[in-house]
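Trainee: Sequence plus predicted model, see below.
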Amino acid sequence: MTTVLALGECMVELAPVGQDVYRQSFAGDTFNTAWYLRRLLPAGWTVAYGSCVGTDAISERMLAFMEAAGIETAGIRRVGEQTVGLYLISLEGGERSFNYWRSASAARHLAADPEWLEGLLAQRRVILISGITLAILPEQDRPSLVAALFRARATGSIIVFDPNLRPGLWPDTGAMRAAVSAAARTANIVLPTFDEERACFGDVSPIDTVERYRSLGANVVVVKNGPDEIIAWDRHQGAATFSPRPVPPVDTTAAGDSFNAGFLAARLLGADLDAALASGAGLSAQVVQAPGALVAVSAELPG
């Protein structure tokens, strides 16, 4: 198995490129990671995306965009009378904020067909999900996704989970905590962000975040921390830290998504924990120095 499957929602992105001028592209947290993984992994690896789209023109354009990027789209299901979501980026001092329009997003039906979902996850080397993948689903569909991930891990898949905590997508903090913790129990690798974990779970330090996800069954936990020191733990290699090189950000969109890609690609190709942290931080540093989620980067693993 040499396939990485990312599950979630790809959206239309409108990113500012000038005064009241926006560039249209396609992006979304797990899709961003898949896009960068495709640029980092050798041709012998398949990078696939799993989601649902509509049958309209913008859905067709999205699929064509994915395929042109070398991402396999066979795992994308069409849902009639639905479309894809849209978000607009606003920037202030390099930090981004978002406005979303996703009520008619077909991706919300990702786990509505358990048999289709089971087939989608079968025989995948790596399966990547995020807290946003969970949050967009109807409450009754989340257990189907979690159960399918448990079965995939039991049959040898590596489950990677970025909690990507977005309280605005959840009815309340309790629901978010419960769903994120349930998904974390399926994961081999968890890639949280400390300021989000502190706000939502009350963690005092990144070490608290490591210990909580470790207790839920993770083998690897990497706590991203913006420009500050990254704290990581590997069940076999122990603890590690990494201090990112400071860079002036132009746009922090996809900073964490690109870190995930750099880290995962390095690990999948045999790097140890320290080298993988350097690769993740190096890729993220490139990405935040350009506008938008998907930017041109070196085709080699940064370090």
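Mentor: Here it is on my side, so go on.
Trainee: the helices in this structure, which residues?
Mentor: 29-40, 57-68, 114-121, 131-135, 142-154, 173-184, 194-201, 206-215, 255-268, 273-287 (DSSP state H).
Trainee: Residue 106: which of those helices is closest?
Mentor: Taking Cβ to Cβ, helix 57-68 is the member of the helices of the chain nearest to residue 106, at 7.3 Å. C-beta coordinates here come from the backbone N, C-alpha and C atoms, glycine included.
Trainee: buried residues in that closest one?
Mentor: Across helix 57-68, burial judged by 16 or more other Cβ atoms under 10 Å covers 59, 62-63, 65-66.
Trainee: List the buried residues of stretch 127-143.
Mentor: For stretch 127-143, by 16+ other Cβ under 10 Å, it's 127-137, 141-142.
Trainee: about what we covered before: please produce CSV containing the helices of the chain, extended by distance to residue 48 and mean pLDDT.
Mentor: Converted to CSV, these look like this (distance: least, Cβ to Cβ, whole Å; pLDDT from 0 to 100):
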stretch, distance to residue 48, mean pLDDT
helix 29-40, 8, 97
helix 57-68, 9, 97
helix 114-121, 9, 96
helix 131-135, 15, 97
helix 142-154, 14, 97
helix 173-184, 20, 97
helix 194-201, 27, 97
helix 206-215, 26, 98
helix 255-268, 14, 97
helix 273-287, 20, 96
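Trainee: Adding distance to residue 231 as columns, could you present those in CSV?
Mentor: Formatted as CSV, the helices of the chain follow (distance: least, Cβ to Cβ, whole Å):
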stretch, distance to residue 231
helix 29-40, 20
helix 57-68, 34
helix 114-121, 30
helix 131-135, 19
helix 142-154, 24
helix 173-184, 17
helix 194-201, 8
helix 206-215, 4
helix 255-268, 13
helix 273-287, 10
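Trainee: To residue 5, which of the ones you listed lies closest?
Mentor: For residue 5, the closest of the helices of the chain is helix 114-121, at 7.1 Å, according to Cβ to Cβ.
Trainee: what packs against the closest one?
Mentor: Counting by 3 or more Cβ pairs under 8 Å, 6 or more residues apart in numbering; DSSP states H and E, the packing neighbours recorded for helix 114-121 are strand 3-7, helix 142-154.
Trainee: What distance do you get for the residue lying closest to residue 244 once chain neighbours are set aside to residue 110?
Mentor: Nearest residue to residue 244, sequence neighbours excluded (Cβ to Cβ, 6 or more residues apart in numbering): residue 281, at 4.3 Å. Residue 281 sits at a distance of 30 Å from residue 110 (criterion: Cβ to Cβ, to the nearest Å).
Trainee: Same question for residue 235.
Mentor: Where residue 110 is concerned, residue 235 sits at a distance of 30 Å (Cβ to Cβ).
Trainee: More neighbours: which of these two?
Mentor: residue 110 (28 against 11; other Cβ atoms under 10 Å).
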